[in-house]
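K.L.:
prediction below, plus the sequence it came from.
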Amino acid sequence: KAGVTQTPRYLIKTRGQQVTLSCSPISGHRSVSWYQQTPGQGLQFLFEYFSETQRNKGNFPGRFSGRQFSNSRSEMNVSTLELGDSALYLCASTVWSELGTDTQYFGPGTRLTVL
Amino acid sequence: EDQVTQSPEALRLQEGESSSLNCSYTVSGLRGLFWYRQDPGKGPEFLFTLYSAGEEKEKERLKATLTKKESFLHITAPKPEDSATYLCAVQAHFGSRLTFGEGTQLTVNP
């Protein structure tokens, strides 16, 4: 099975612009989560989508938004970019186990640099 | 609020020198504790899930254990290719979100 794919892999934007990142989960997985990774804050949860509905949201400002399509592909959008938004944005595809927990498999990430 | 603390922040070992990484956690009802490995410029790679105190899981030179307050990742006779950042994360009973620790950066010298 193909893994989680994210596009683009690298992106350079300037302050005030907006950006859209894309994620395709593992085939058959219906849940997608997004995380932001920075050297200072580590990995932080942004939001989770399941069957086109946002199920969970982290503690990020409203400039960060997302959506999921009927084929489970997901996009996240950041508007009015700030320097502090420079980070590795990771998408994770979820599979549920028989024990009732879910395991998240991560994509390679999109490295966003805001100048 | 769920919290995860990993120690040490960085660890240098000689090839073959066994050691352990620590992950201390507080969570409102543990649903699962996860270990991931992350190489520079890549996404985290799933290693283990532990569900209850006393559980152990092994994979090659790695062994993960879980108590009610912490988890250990034991590395036996490490090789240079084990060099990476090891991340610990917890998942509470409600929701899928993972709360991550800051990670332990492991370097294994030949």
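P.N.:
Cool, got the structure.
K.L.:
so which helix or strand takes in residue 32?
P.N.:
Going with chain A. Element membership for A:Val32 (DSSP states H and E) is strand A:31-38.
K.L.:
actually chain B
P.N.:
Assigning secondary structure by DSSP H and E places B:Gly32 in strand B:30-38.
K.L.:
in the next helix or strand after that strand, what's buried?
P.N.:
On the C-terminal side of strand B:30-38, the closest following helix or strand by DSSP H and E is strand B:45-50. For strand B:45-50, burial by neighbour count (16 or more other CB atoms under 10 Å in any protein chain shown) applies to B:Leu47, B:Phe48, B:Thr49, B:Leu50. Yep, even glycine has a C-beta here, placed from its N, CA and C like the rest.
K.L.:
now do the contacts for the residue nearest the centre of chain A.
P.N.:
Computing the C-alpha centroid of chain A and ranking residues by CA atoms, centre = their mean puts A:Trp34 first, at 2.9 Å. Residues touching A:Trp34, when contacts are defined by CB atoms under 8 Å, 6 or more residues apart in numbering or on different chains, comprise A:Cys23, A:Phe45, A:Leu46, A:Phe47, A:Glu48, A:Gly66, A:Ser74, A:Met76, A:Tyr89, A:Leu90, A:Cys91, A:Ala92.
K.L.:
which one of these is nearest to chain B?
P.N.:
The shortest approach to chain B among the contacts of A:Trp34 belongs to A:Phe45, at 4.3 Å (CB to the nearest CB).
K.L.:
residues touching the closest one, list them.
P.N.:
For A:Phe45, counting by CB under 8 Å, 6+ apart, the contacting residues are A:Ser33, A:Trp34, A:Tyr35, A:Asn56, A:Gly58, B:Arg97, B:Leu98, B:Thr99.
K.L.:
make it 10 Å
P.N.:
When the contact criterion is CB atoms under 10 Å, 6 or more residues apart in numbering or on different chains, the partners of A:Phe45 are A:33-36, A:56-60, A:92, B:89, B:95-100.
K.L.:
ditto for A:Leu43
P.N.:
The contact partners of A:Leu43, taken as CB under 10 Å, 6+ apart, are A:35-37, A:87-88, A:90, A:92, A:106, B:36, B:38, B:44, B:87, B:89, B:98-103.
K.L.:
now do 6 Å
P.N.:
By CB atoms under 6 Å, 6 or more residues apart in numbering or on different chains, the contact set of A:Leu43 is A:Tyr35, A:Gln37, B:Phe100.
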